[in-house]
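K.L.:
My questions concern the predicted model and sequence given below.
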Amino acid sequence: MATPLILGIGAIAAAVTGRHLVKTGVLRIGGAGADKWVKGGFRQKMDRAEAIAILGLKDTPVMRARIKDAHRHIMLANHPDRGGSPYLASKINEAKDLLDKLEGKARR
């Protein structure tokens, strides 16, 4: 009879301690994925670095070939006709247009 009571109290103590450690930042759950996100909102005027970040690309020589695929993949998830945000869709399109324009100049 005492064993289930002791186990219950031990489980509650472990849960409360774990919650406290997560809230104080000592124990991070899922923190590695959250570090990849950019802090803050969009800039007033989009630049090349922000466009690359929006499309999830890396600044490499083969980036030109991946712009179209990255744009298509992101727009499938964020298209306004499928419940996505029109604002985000416009930013994604702006990023693709900017990179196309800048990479087109670099090709000439």
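P.N.:
Okay, I see it.
K.L.:
from here on, contacts and neighbour counts on C-alpha atoms
P.N.:
OK.
K.L.:
lowest-pLDDT helix or strand in the chain?
P.N.:
Sorting the helices and strands of the chain by mean pLDDT, DSSP states H and E puts helix 31-34 at the bottom, at a mean of 54.
K.L.:
And the next helix or strand past that helix?
P.N.:
helix 48-55 (DSSP states H and E).
K.L.:
Give me the contact list for that next one.
P.N.:
58-59, 67, 70-71, 74, 92, 94-96, 98-99 (CA atoms under 8 Å, 6 or more residues apart in numbering).
K.L.:
From these, list the buried ones, please.
P.N.:
With burial judged by 16 or more other CA atoms under 10 Å, the buried subset of the contacts of helix 48-55 is 67, 70-71, 74, 92, 95-96, 98-99.
K.L.:
what's near enough to touch F42?
P.N.:
Per CA under 8 Å, 6+ apart, neighbours of F42: none.
K.L.:
tell me the pLDDT at it?
P.N.:
As predicted, F42 sits at a pLDDT of 80.
K.L.:
Please report phi then psi for it.
P.N.:
F42 has phi and psi values of phi -80, psi 150 when expressed as degrees, to the nearest 10.
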